[in-house]
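In: could you work out the structure for the sequence below:
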Amino acid sequence: MDTNRETTSIEPQTQLVESFRKHLAQTSDSPLGLEIVRAEGVWLYDATGKKYLDAISGICVNNLGHRHPEVLAAISRQLDRYIHTMVYGEFVLKPQVELAERLAAILPDTLSVSYFVNSGSEAVEGAMKLARRFTGRKQIISFNNCYHGSTLGALSLSSSSELRSGFNPLLEDVIHLPFNDIGSLRQITSQCACVIVEPIQGEAGVIQATPEFLDALRERCTSSGVLLMFDEVQTGFGRTGKLFAFEHYGVVPDVLVLGKAMASGLPLAAFISSQEIMSCLRDPPLGHITTFGGNPVACAAAIAVLNVMSRPGFLDHVNEMGALLREKLRHDAIREVRGRGLMMAIELESEQLLQQVFRRLLDDGVVADWFLFASESLRVCPPLVISDEVVTELCKTLLASLH
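Out: Alright, predicted model coming up:
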């Protein structure tokens, strides 16, 4: 894993950037530092007026692009009513109820009750507590090269010694198994509370679970009384060409974790399960609470997102644009193009080449990225509303950057 951006930082030395470095806690020594002043559709604009194609959607967040008009209208209507009234779960708030109803209507019957929170990491934490409370067990199983967040509990699920090293000791009773290895599933026993898995591993470089693996995992969890959790924080809300990635497999989890793209840029996430399983959070009373989870403005935005994505042809367009990308991204320096829909990893010959491509793309007005656990692969996850003309231009720019 290589998270060093020292060679790719392009921040200008303006007063605002100096204050950014001085007063905002930093996540690395060399942040990218683009000073963005405006965003619209698939485009970002910096302080010099330069236009960038957002080819990563804020890391799978802006699936409808930036400032989608229907999302803005829903936000505006809700702002005229109320923004925050009470901690989550106490008042009956129409946007929360309507969003929960919509999710229940489009998900399998066993995923009918939503608990709204603020971020994917927070949703994972809530799901872990849910599993321990419901089963009375402590052990949790995750998979090598997974990524489920950076809070203390969520970080415990990671197999990365580099990410974990500065924060040990983390949660005990966490086992990491090899991904897509059916034989390793024998380690799932009645001592286990839950298994959490990404149907498509994001930070591993868009590695898809095999159908056989997920079928075997579902069977093993069921026979052992273990809750199966799907983390769809990155894959959810249309990213893979279906609303949720588990629909590609026909395997239904006991708990579904969502985040990122739910509210088109506003903070909103959820963990979702059955009435039977979720009811255990009432005992002890207030054993799991959140102040801002399910913010009404964010919920109104999420309803608008579902309205747009549920229209005929929307997901067809996602799959068509993904196919167009794969068709045009052919080059001797490209080892492999992996992905579903518009969630893609372009594996190059070396990490050195990737860093060169990354810098050239920025110079040419394209924001791309790489992955925590796949430093030779370029992340390409543009907004789902991208046009075929822009996809063609993106591919042309990307191929030119390889020379």
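In: buried stuff in stretch 125-133?
Out: E125, G126, A127, M128, K129, L130, A131, R132, R133 (16 or more other C-beta atoms under 10 Å). To be clear about C-beta, it is placed using only N, CA and C from the backbone, and glycine gets the same treatment.
In: taking those one by one, which sit in strands?
Out: Within the buried residues of stretch 125-133, membership in strands is found for no residue, as judged by DSSP state E.
In: name the nearest residue to the residue nearest the centre of the chain, sequence neighbours excluded.
Out: For the chain, Q234 is the residue whose C-alpha lies nearest the centre (C-alpha atoms, centre = their mean; 2.1 Å). Excluding the flanking residues, the one nearest Q234 by C-beta to C-beta, 6 or more residues apart in numbering is G202, at 4.1 Å.
In: contacting residues around the one you found?
Out: C60, Y147, Q234, T235, M343, F371 (C-beta atoms under 8 Å, 6 or more residues apart in numbering).
In: name the element Q352 belongs to?
Out: In the assignment (DSSP states H and E), Q352 maps to helix 351-363.
In: which neighbouring elements make contact with that helix?
Out: Counting contacts by 3 or more C-beta pairs under 8 Å, 6 or more residues apart in numbering; DSSP states H and E, helix 351-363 is packed against strand 369-371, strand 374-380, helix 388-401.
In: the helix or strand that it is followed by pairs with which strands?
Out: Per DSSP H and E, the first helix or strand lying C-terminal to helix 351-363 is strand 366-367. Strand pairing for strand 366-367, using DSSP bridges, gives strand 51-54 (parallel).
In: what lies in contact with the partner strand?
Out: Strand 51-54 has contacts (C-beta under 8 Å, 6+ apart) with 34, 39, 42-46, 62, 65-66, 362, 365-367, 382-383, 390, 393-394.
In: kindly report the same for stretch 147-159.
Out: With C-beta under 8 Å, 6+ apart as the criterion, stretch 147-159 contacts 119-122, 124-125, 128, 140, 142-146, 163-164, 167, 170-171, 174, 176, 196, 198, 201-204, 231, 233, 372-373.
In: buried sites along that stretch?
Out: Y147, H148, G149, G153, A154, L155, S156, L157, S158, S159.
In: now the two most distant members of those.
Out: The most widely separated members of the buried residues of stretch 147-159, counting by C-beta to C-beta, are G153 and S159 (15.0 Å).
In: all helices of the chain, in order?
Out: Applying DSSP state H to the chain gives helices spanning 15-23, 57-60, 69-79, 94-106, 120-135, 152-156, 161-164, 211-224, 275-278, 296-309, 314-328, 351-363, 388-401.
In: low-confidence ranges in this protein?
Out: 1-13 (pLDDT under 70).
In: can you give me the domain assignment for it?
Out: Recorded structural domains for the chain (assignment: automatic domain parsing) are 15-67+312-401, 69-309.
In: pick the most deeply packed of those domains.
Out: Of all these, domain 69-309 carries the top mean neighbour count, a mean of 19, counting by mean count of other C-beta atoms under 10 Å.
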